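Chemist: quick check, what structure comes out for this input:
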Amino acid sequence: MKFVIQRVSEASVTVDDQIIGQIGKGLMVLIGVGEGDTRELADRYIRKMLGLRIFEDENEKTNLSLKDVDGSLLLVSQFTLYANCRKGNRPSFTQAGDPGVAEELYEYIIEQCRKEVPIVETGSFGAHMKVSLVNDGPFTILLDENLFA
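Modeler: The predicted structure follows:
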């Protein structure tokens, strides 16, 4: 599993010229599901993501979590996070999870986040999406298989 977490002042996802998800201050998260990923692993990633203290406090120190700042989430599935570019110039995606399993885990992640965060917006699994964001910082964090190794 891979999460690319970006602290944003605003972000949105558009499909077929229609905005389907939009947030203000919060986190825009690209989610990649790999072979063998499970709900238990997703739970660990969710806990880590929601606990990250990457928002500034009154002293401009990154001491606050998403909940502390009443932030929102925009969750976007992105299998291309599993691109393998070692050989040649055309990426291979064989390490990405089976689309059926990946969609189920993506929906599970959304469901779990909605239990913790009042505003959770999403992309559309498998759709051609246009993602816009204003990265606040910029501040980007990668959670991947090295997180719990």
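
Chemist: phi and psi next, for residue 89.
Modeler: phi -110, psi 0 (degrees, to the nearest 10).

Chemist: same deal with residue 60?
Modeler: The phi/psi pair for residue 60 (degrees, to the nearest 10) is phi 60, psi 30.

Chemist: do you know how far it is from residue 119?
Modeler: Distance, residue 60 to residue 119, using Cβ to Cβ, to the nearest Å: 25 Å. C-betas here are computed from N, CA, C, even on glycine.

Chemist: the two: which is more packed in?
Modeler: Taking other Cβ atoms under 10 Å, residue 60 and residue 119 do not tie; residue 119 has more neighbours (14 against 7).

Chemist: tell me the contacts of the more buried one?
Modeler: 23, 26, 72-73 (Cβ atoms under 8 Å, 6 or more residues apart in numbering).

Chemist: rerun at 7 Å
Modeler: Taking Cβ atoms under 7 Å, 6 or more residues apart in numbering, we find residue 119 in contact with 23, 72.

Chemist: next: residue 45.
Modeler: 1, 3, 143.

Chemist: the strands in this protein, which residues?
Modeler: 2-15, 18-23, 26-32, 55-56, 62-64, 72-77, 120-122, 130-143 (DSSP state E).

Chemist: for the closest residue to residue 37 other than its chain neighbours, the count of nearby residues, please.
Modeler: For residue 37, ignoring the flanking residues on the chain, the nearest one in space by Cβ to Cβ, 6 or more residues apart in numbering is residue 1 at 4.7 Å. Residue 1 has 24 neighbouring residues, counting by other Cβ under 10 Å.
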